[in-house]
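Asks: Okay, structure incoming, though there's no sequence with it:
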């Protein structure tokens, strides 16, 4: 029997070797992350808000849209995918119902956080957190669904309490969430190397940290991945890069196009991937091969001439 995506992810996290898990905002960015050799990806709530709504990550994306896009992303890649369900869609019963749906999708892991709804990106100001016991109930309900379904989905419990109550409370909450059934915990907004070292030592389980290289205004000190691995960090999240890289690339391209005297960018192929390269990446060749295999020869001939005929 082949291992599940969840068990593959769990095995990698248990090594405590700072598994780098970039954030994706759609199926295409997930496929690019996989193609570049990363061993797992997570869905970025920040990225989904920007991609789907052109909006900030302040709790505006409907849970149905989150689940629909999670399905598309999980089907697009062969590496483990971690979902992002923000605050869990409501109370503990809502979080449990969503977990059941994610297990049915064969999603490898899920991130849930202890913010007050509507939440906001972890590096924004104005965060509020729910009581730790309420969050622990959500985690416990999710873990009970996992046990009942004999599943292995990895539950990552994020606490945003560092910004509100400090490191001691964040560590206390992390340990409470681990005792409630979480497999991995994440102290969002933690600032320094020394604080990360302390968290690794005092948290009784796997720790995840965020890194956002090149992004101004973020709070966590940049530390090389090998150093985080030596500390014993389990996961390193690169959560918002895909959407911010896309924003910059599109902005620069369309600014250049708008300001061009001819309305064109003749010969400036550096802006984009070639048409054949892109269509090959998204599987057009395989699709046409399947057409050739399964469609009547006359249909293929009408569409393509003799190019694809058997």
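Replies: Nice, I can see it. Every value quoted in this text rests on a predicted model; they were computed, and no experiment measured them.

Asks: per-residue confidence at residue 214?
Replies: The score at residue 214 is 56. That number is its pLDDT.

Asks: ok, now residue 310?
Replies: The model's pLDDT for residue 310 equals 48.

Asks: Same question for residue 58.
Replies: Note for residue 58: predicted pLDDT of 89.

Asks: OK, contacts around the closest residue in space to residue 87 that isn't next to it in sequence?
Replies: In space, and not counting its chain neighbours, residue 87 is closest to residue 117: 4.7 Å by C-beta to C-beta, 6 or more residues apart in numbering. Placement of C-beta: from N, CA and C, glycine included. For residue 117, the contact set (C-beta atoms under 8 Å, 6 or more residues apart in numbering) comprises 59, 86, 87, 90.

Asks: Three-state assignment for the second one, please.
Replies: Right, residue 86. Taking DSSP: H, G, I helix; E, B strand; the rest coil as the rule, one finds residue 86 in the coil state.

Asks: mind checking the backbone torsions on it?
Replies: phi 50, psi -120 (degrees, to the nearest 10).

Asks: Neighbours of it, how many?
Replies: Number of residues near residue 86 (other C-beta atoms under 10 Å) recorded here: 22.

Asks: In contact with the closest residue in space to it that isn't next to it in sequence, which residues?
Replies: The spatial neighbour of residue 86 that comes closest, neighbours along the chain excluded (C-beta to C-beta, 6+ apart), is residue 119 at 5.2 Å. Neighbouring residues of residue 119 by C-beta under 8 Å, 6+ apart: 57, 58, 59, 86, 87, 113, 127.

Asks: which residues touch residue 111?
Replies: So residue 111 contacts 42, 82, 83, 84, 85, 156, 158, 186 (C-beta under 8 Å, 6+ apart).

Asks: Quick one: those as TSV, columns for pLDDT too.
Replies: Conversion of the contacts of residue 111 to TSV gives the following (pLDDT from 0 to 100):
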residue	pLDDT
42	98
82	98
83	98
84	97
85	97
156	98
158	97
186	97
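
Asks: Quick one: those as a markdown table, columns for distance to residue 139 too.
Replies: Listed next are those as a markdown table, based on distance: C-beta to C-beta, whole Å:
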| residue | distance to residue 139 |
| --- | --- |
| 42 | 18 |
| 82 | 15 |
| 83 | 15 |
| 84 | 15 |
| 85 | 12 |
| 156 | 10 |
| 158 | 11 |
| 186 | 13 |
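
Asks: related to what we said a few turns ago, with respect to residue 302, which of the contacts of residue 117 is nearest?
Replies: residue 86 (48.6 Å; C-beta to C-beta).

Asks: That closest one and residue 112 touch, don't they?
Replies: Yes - using C-beta atoms under 8 Å, residue 86 is in contact with residue 112, at 7.5 Å.

Asks: what's the first-to-last distance across stretch 158-176?
Replies: End-to-end distance of stretch 158-176 (C-alpha to C-alpha, to the nearest Å): 12 Å.
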